[in-house]
Structures are given as structure tokens and as C-alpha cells.
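Q: sequence below, structure please.
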Amino acid sequence: MTSSEPDLRRLRHFIAVAESGGFTRAAASLHLSQQALSSSIRQLEKDLGTALFTRMGRQVALTRAGQTLLSEGRVLLAAARTVAEHVERVGASSAEAFVVAHTPALSGIEAYTVLEPAIEAFGDVSFTLRQLYPADLTSAVLDGSVQLGLRRGVVPPDDLAAAVVGYHPVRLAVPSNHRLAHRRRVDIDQLADERIVLWSPPGTSYYSDLLAGACRRAGFEPHYVISRVQGAATVAAPLTTGAIAFVTSAAGPAMDGRVQVIDVHPAIKVPVQALWQRHTVSAVRDKILTG
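A: Residues are numbered from 1 along each chain as shown. Presented below is the predicted three-dimensional model:
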């Protein structure tokens, strides 16, 4: 069994070949000769003690070992870029900038609350909050343009580390003229005949699945509509749909009194999951995770 560690330059060459499906396009993108690229891949296979490709003329296909290296290698290269950039900033005595992205399912206030322990503890660090859709968020964390991602979920992605950092109570947002608007609390089974706003269909989103599951446990299949305004505050959804939205806003009037937020029974709580690059360390991130 070999104990050699992969050379990052050769690893970059391997990923280029794997992603382009052959040596010709990969060599062109890397500005290398095909001979030099082939030699680099052969040496990487020798270092790792296993074949990474099966050759079929000009086409190549990944072996099982190659598929594993492609998945893990992308993570390793992303971490290496992040480490290099961090060292460069420290060497230049530049102030540290920590970029956090959150999905539209979390408000900017909720994201700030998660970050607040680190904001207070690291007075010399600047923080930037960005809103990204879930697929863009995971890509941004993986490529290092975002140091921490926040989303609703519990299932960790294959390429990133993850942890649940808190839970938020779910409430109902209804138009102020809705029959339930005067109530302080509503039993969830009273929504059986109501339209409910979701931001993506069940089966495509953990958050949608959680909310639909709460309805099913109450004995009914939710009659849902998809919000036609994506990325806006979730509490605004009743204004454009006339339907009831599950939100994490505080109880009481919202949207200049045009929406009423009501507690729901039994209580529902949704998680906040943090995502970050594996193989990296960050005192700021550790403070966010531990509170």
C-alpha cells in the first residue's frame, strides 16, 4: 500500500482530464503538451499505486479509484486555494474578511444572529453577508468565495463539512383579512382546507419536505402553491398568493400590518445548517459553530 500524497499540480491535471473527458481538450486548457500531461497522469497513478483512467482510444473513463479521487480531489484543491489566499492576506497584513452566504429561507436578521458571537469576538474581522440560492451556495463554499454557508437542512453534502447550529420556531403568516388573522395560535390541522405557500415542491427541498411532513402528521395532504416571488422575505408571500406561509418571523403584525404572523400548534422548529470546506481551519468559523 503506497503512502505517497498526491502532488497538487498533478491533481489539477487529473481533474482537468476527468472533467474534459480526454487529454486533448485538457492539455489545451492547461497550456501543456499532451505528452507532458500524459506523463503527469502516469506519475500520479504511480504515486497512488492505482489506475485512475481506462483508455479507449482518445477517450478516457474514470476507474472507481479515479471517481473517488475526482470527488475528494476537488475538495482538496479548493482547500489548498483557501489556505493560500489566507496566508497571502496574513503576509500582506490585510484585514481578514469573512464571507457568509445564506439561502432565502433564512432572513438577513437570522443569519446575523448566528454570526453575532463571532462578530463580537473578532473586532478586527470584517463580515459580509450574501444571499444565494441553495445550489449556488454550496458551489460558492466549495470554490472558496464563501467561507461559510447557512441553509435550512440537516443532510450534509458529500463535498463539504456541515453542522446544525440552531433551530428556529415556525409560525404562520396570513393576510390581515384572512379568517385566522385574529387568532393568537392555530392548530395545524385547521390548515387542511387552506392553500399553503412553498418555495419549491416537496421532494426538491428539505425545507418543503419538513413543512409538508408536518401537515401529513396532522392528517392531511397540503394543498400548496409555489411562491411566484423568489428570494424575497418569506413573510411577504401571503401578499402575492393570498395563501398561508410557514415563516420564522416573530409573532404579530408584519409588512405594515398587511400580514399577521401567528403561532402554530404543535410547535415546529426548523434547523439552521452551516456548511464549510473540509480540510480548513478557522477561529472565526469555530466561534460561529460553538456560539
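Q: can you give me the helices in this structure?
A: Here the chain has its helices, by DSSP state H, at 8-20, 23-30, 34-48, 64-91, 108-121, 134-143, 206-217, 237-241, 283-290.
Q: which of these comes out lowest on mean pLDDT?
A: With a mean of 81, helix 64-91 has the lowest mean pLDDT of the helices of the chain.
Q: compute the inter-axis angle for that helix and helix 134-143.
A: 70 degrees (axes from the mean of the first three to the mean of the last three CA atoms, to 10 degrees).
Q: ok, back up a step: now the helices of the chain in TSV, with distance to V99 and mean neighbour count?
A: Backbone N, C-alpha and C define where each C-beta goes, glycine included. TSV is the format used below for the helices of the chain (distance: least, CB to CB, whole Å; neighbours: other CB atoms under 10 Å):
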stretch	distance to V99	mean neighbour count
helix 8-20	24	19
helix 23-30	28	17
helix 34-48	32	16
helix 64-91	11	15
helix 108-121	11	16
helix 134-143	8	18
helix 206-217	23	18
helix 237-241	28	20
helix 283-290	11	16
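Q: closest one to V270 among the ones you listed?
A: V270 lies closest to helix 206-217 among the helices of the chain, at 6.1 Å (CB to CB).
Q: show me where the stretch 101-250 of the chain has its strands.
A: 126-131, 148-151, 160-169, 171-175, 185-187, 195-198, 223-226, 244-247 (DSSP state E, counting those that start in this stretch).
Q: so how far is the shortest one off the chain centroid?
A: Averaging C-alpha coordinates over strand 185-187 and over its chain gives two centres that are 32 Å apart (CA atoms, centre = their mean, to the nearest Å).
Q: give me the contact list for that strand.
A: 172, 180, 218, 262-265 (CB atoms under 8 Å, 6 or more residues apart in numbering).
Q: who does that strand pair up with?
A: Sheet pairing of strand 185-187 (DSSP bridges) gives strand 259-265 (parallel).
Q: what does the longest one give?
A: Each strand pairing with strand 160-169, determined using DSSP bridges, is listed with its direction: strand 269-277 (antiparallel).
Q: in the strand it pairs with, which residues are buried?
A: Across strand 269-277, burial judged by 16 or more other CB atoms under 10 Å covers 270-277.
Q: repeat for stretch 172-181
A: The neighbour-count check on stretch 172-181 (16+ other CB under 10 Å) flags 172-176, 178, 180-181 as buried.
Q: end to end on it, go ahead and measure it.
A: End-to-end distance for stretch 172-181, by CA to CA, to the nearest Å: 10 Å.
Q: can you check stretch 227-238 too?
A: Counting by CA to CA, you get 9 Å between the two ends of stretch 227-238.
Q: for the residue nearest to V100 when sequence neighbours are not counted, grab the count of nearby residues.
A: Closest residue in space to V100, ignoring its immediate chain neighbours: L148 at 4.8 Å, by CB to CB, 6 or more residues apart in numbering. Counted with other CB atoms under 10 Å, the neighbours of L148 add up to 25.
Q: picking up where we left off before, which one among the buried residues of stretch 172-181 gets closest to L132?
A: Nearest member of the buried residues of stretch 172-181 to L132, counting by CB to CB, is A173, at 23.1 Å.
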